[in-house]
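A.B. asks: Pasted the sequence and its predicted model underneath.
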Amino acid sequence: MNCIIIDDEATSRTIIGELCSSYKNLNVVEVFSNAIEAIKYLNQNKTDLIFLDIHMPDFNGFDFIRTLKDPPYIILTTADAEFAIQAFEYDCIVDYIVKPIKPERFKKSIQKVEGKLNEKVTATVTDKKKQQTGDDFYVNINKRLIKIDIQSIYLVEAKGDYIYLKTDNKNYTVHSTLKKIEEKLPDHMFLKIHRSYIININKIIDIEDNSVLIEKDVVPVSRSNRPELMKRLNLL
Amino acid sequence: MKEQANLNYINSLSGGDKSFEIKLFSIIKKEFKIEKNIYYDNIKSEKLKLCSENVHKIKHKISILGLEKSYKIAEQHENNLREGNSALQDKFSDILNNVTNYLNKL
């Protein structure tokens, strides 16, 4: 994670730099004593995180944030607690640390940023999968390409070299693997609940012990997949 | 009785790394001296708003040295100065002298 430090006090810059040096994944690429120089830098470079002092002459921390079109994550560092409420107005502000910054408090802040970055990566991967999957796909049955509407699928069952595809209208036997079809199905709609079964979670009727009733089929749920299934249900 | 400075915070940062401690003290000494002189210049010229900015920076160094009571006075002095009130000037000068003496001994 690349970061920059903006603080008009050399003492603060040195302390934040030292705190960052304890984290292998935190790389301080630039240090600035004023916000103007940092804006020039950010016009040509990207960073994941900014440690930003609020209280700076001429151009304070909030003025600086307002100049950024696509701000990275920001940790505010300040000697005053009085600006905390204002900080909530900005989505990019991950944390607000009051000086002198204690190592354990700094650690919490870094963990918050790491959490945010992980959320971002997961969201990007999900979006990519969504883009790749689309609304339908084609299967080859007896030299004919048949269009399958993804939303209509409620169950996919593996049977040897074939998969059994059950939809609202019709069932199909296709020469393929569960893994291949899993790649075509959107994660938010489908879940592998057993090594031989993928289900459309929107079509579940009920769940009892280690099985799921989906349309008229009773499908086993393996012990290892059950926690994920429970997590995905909108429980009251 | 004057409040005693301590190195608890700096030790928690350095984890015993003497070279970092030396580097940090050198920066604090240099910066404190400059900020203190600017503060006194602004007091002389009665630029109280600027004085409050100076106190703001100085108070961080006061907190780094573990001077908790002095920090509270500095904080109050900063707020007062922002409103044009320099009533705590003498008390703050004592704090500046205390910090100066401590840093000179290091």
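C.D. replies: Okay, I see it.
A.B. asks: Tell me the residues of chain B that contact chain A?
C.D. replies: Neighbours of chain A within chain B, by Cβ under 8 Å from any Cβ of the partner chain: B:9, B:12-14, B:20, B:23-24, B:27-28, B:30-31, B:53, B:56-57, B:59-61, B:63-64. For the C-beta atoms, the positions are set from N, CA and C on the backbone; glycine is no exception.
A.B. asks: Give the buried subset of those residues as a ChimeraX selection command.
C.D. replies: Selection of the buried residues among the residues of chain B next to chain A in ChimeraX, burial being defined by 16 or more other Cβ atoms under 10 Å in any protein chain shown:
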select /B:9,13,14,20,24,27,28,31,53,56,57,59,60,61,63,64
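A.B. asks: Restricted to helices, list the residues of chain B next to chain A.
C.D. replies: B:9, B:12-14, B:20, B:23-24, B:27-28, B:30-31, B:53, B:56-57, B:59-61, B:63-64 (DSSP state H).
A.B. asks: Return the set of buried residues in the helix or strand of chain A with the lowest mean pLDDT.
C.D. replies: Sorting the helices and strands of chain A by mean pLDDT, DSSP states H and E puts helix A:84-87 at the bottom, at a mean of 76. Buried residues in helix A:84-87, counted by 16+ other Cβ under 10 Å: A:Ala87.
A.B. asks: Helix or strand next in line after that helix, which one?
C.D. replies: strand A:93-98 (DSSP states H and E).
A.B. asks: Is there proximity between that next one and chain B?
C.D. replies: No - using Cβ under 8 Å from any Cβ, strand A:93-98 never reaches chain B; the gap is at least 9.5 Å.
A.B. asks: Dump the C-alpha coordinates for that strand into PDB.
C.D. replies: Only the C-alpha atoms of strand A:93-98 are listed here, as PDB (Å, rounded to 0.1, in the frame of the first residue of the first chain):
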ATOM      1  CA  ILE A  93     -11.800   9.700   5.400                       C
ATOM      2  CA  VAL A  94     -11.200   6.400   7.000                       C
ATOM      3  CA  ASP A  95     -10.000   7.500  10.400                       C
ATOM      4  CA  TYR A  96      -9.300  10.500  12.600                       C
ATOM      5  CA  ILE A  97      -6.300  10.200  14.900                       C
ATOM      6  CA  VAL A  98      -5.500  12.700  17.600                       C
END
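A.B. asks: Which other helices and strands does it contact?
C.D. replies: For strand A:93-98, the elements it packs on are strand A:73-78, helix A:84-87, helix A:103-133, judged by 3 or more Cβ pairs under 8 Å, 6 or more residues apart in numbering or on different chains; DSSP states H and E.
A.B. asks: buried ones in that strand?
C.D. replies: A:Ile93, A:Val94, A:Asp95, A:Tyr96, A:Ile97.
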